[in-house]
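Peer 1: turn this into a structure:
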Amino acid sequence: MVSNSCIKLVKQDLEQTGFIEVLHIELGLAEIQFDAQVINFQGIDALLKRNGFELLNDKNARLVEQIKTSVIQLVYYGNNNSSIMRNSDFLSEKLAHTYLHLSKVFSERTGTTLEKYIILIKIEKIKELISYDQLTLSEIAYEMGYSSVQYLSNQFKQITGYTVSSYKSLKNKDRRTLDSILD
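Peer 2: Numbering: from 1, shown residues only. Here you go, the predicted model:
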């Protein structure tokens, strides 16, 4: 789950069965109670897959999803600009693992580095902010935790292939859903 809409959809799907009680749900995690004689994990997985979700039974697969969710929370819902805490410290503290361990598991499972994933998520947020056209580039750089507009602009061009001004002028902005970033 990568958004509040995902949370609502998963909760609704689970509760509509009439035999699954959602005890707690948040980005990337659902705590449920159910009668194993009525439905099993395979049935729950099939229910989730109807809307593009899946049940994660493997410890490292769950950790990767927790990392993704935490990065999205940090970039989209956190206060990244005034945070004294570095991304690595935030993730280590939130997930109770060393950043080295998180980075290693993430890279092994996804084929990309955790640092690159964080940048890709930040770039999607920057695209969104540019599309809204409510903030200056300086304000966006500050909000996204960049030390300068130049640094943001260089990274944006490197990742998207567009300068910020050429992206701004595009009729159809090249935006991706957060769950498809690594596809």
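
Peer 1: now the most centrally placed residue in the chain: which helix or strand?
Peer 2: Nearest to the mean C-alpha position of the chain, by CA atoms, centre = their mean, lies Ile72 at 3.3 Å. Per DSSP states H and E: Ile72 is located in helix 59-72.

Peer 1: output the contacting helices and strands for that helix.
Peer 2: helix 87-95, helix 99-110, helix 114-132 (3 or more CB pairs under 8 Å, 6 or more residues apart in numbering; DSSP states H and E). Heads up, the C-betas are built off the backbone N, CA and C, glycines and all.

Peer 1: could you give the angle of that helix to helix 114-132?
Peer 2: Relative orientation of helix 59-72 versus helix 114-132 (axes from the mean of the first three to the mean of the last three CA atoms, to 10 degrees): 40 degrees.

Peer 1: the residue nearest to the centre of the chain is in contact with Ile181, isn't it?
Peer 2: No - look at Ile72 against Ile181 with CB atoms under 8 Å: they stay out of range, at 9.4 Å.

Peer 1: who touches both of these two?
Peer 2: Common contacts of Ile72 and Ile181 (CB atoms under 8 Å, 6 or more residues apart in numbering): Ile121.

Peer 1: quick check: which ranges of the protein have low pLDDT?
Peer 2: Residues of the chain meeting the criterion pLDDT under 70: 1-2, 79-85.

Peer 1: change it to 80
Peer 2: Within the chain, the ranges that satisfy pLDDT under 80 run 1-4, 27-28, 56-57, 78-86.

Peer 1: who's sitting farthest from the centroid in it?
Peer 2: Gln37 (34.4 Å).

Peer 1: quickly find the element holding that residue.
Peer 2: Remark: Gln37 resides in no helix or strand, with elements defined by DSSP H and E.

Peer 1: all further residue positions should be reported with the first residue as 668.
Peer 2: Let's use 668 as the start, then, which means that last one is Gln704.

Peer 1: next, it: phi, psi?
Peer 2: phi -80, psi -20 (degrees, to the nearest 10).

Peer 1: ditto for the one 10 residues further on
Peer 2: According to degrees, to the nearest 10, the main-chain angles of Leu714 amount to phi -60, psi -40.

Peer 1: pretty sure it contacts Phe686?
Peer 2: No - taking contacts as CB under 8 Å, Leu714 lies outside contact range of Phe686: 10.9 Å.

Peer 1: just want to know which of these two has more residues nearby.
Peer 2: Between Leu714 and Phe686, counted using other CB atoms under 10 Å, the more crowded position is Leu714 (18 against 13).

Peer 1: let me see the residues that make contact with stretch 767-776.
Peer 2: For stretch 767-776, contacts defined as CB under 8 Å, 6+ apart pick out 727-728, 730-731, 734, 758-759, 762, 779-782, 784.

Peer 1: what do you get if the cut-off is 7 Å, keeping everything else the same?
Peer 2: Asn727, Ala728, Leu730, Val731, Ile734, Leu758, Ser759, Leu762, Thr780, Leu781, Tyr784 (CB atoms under 7 Å, 6 or more residues apart in numbering).
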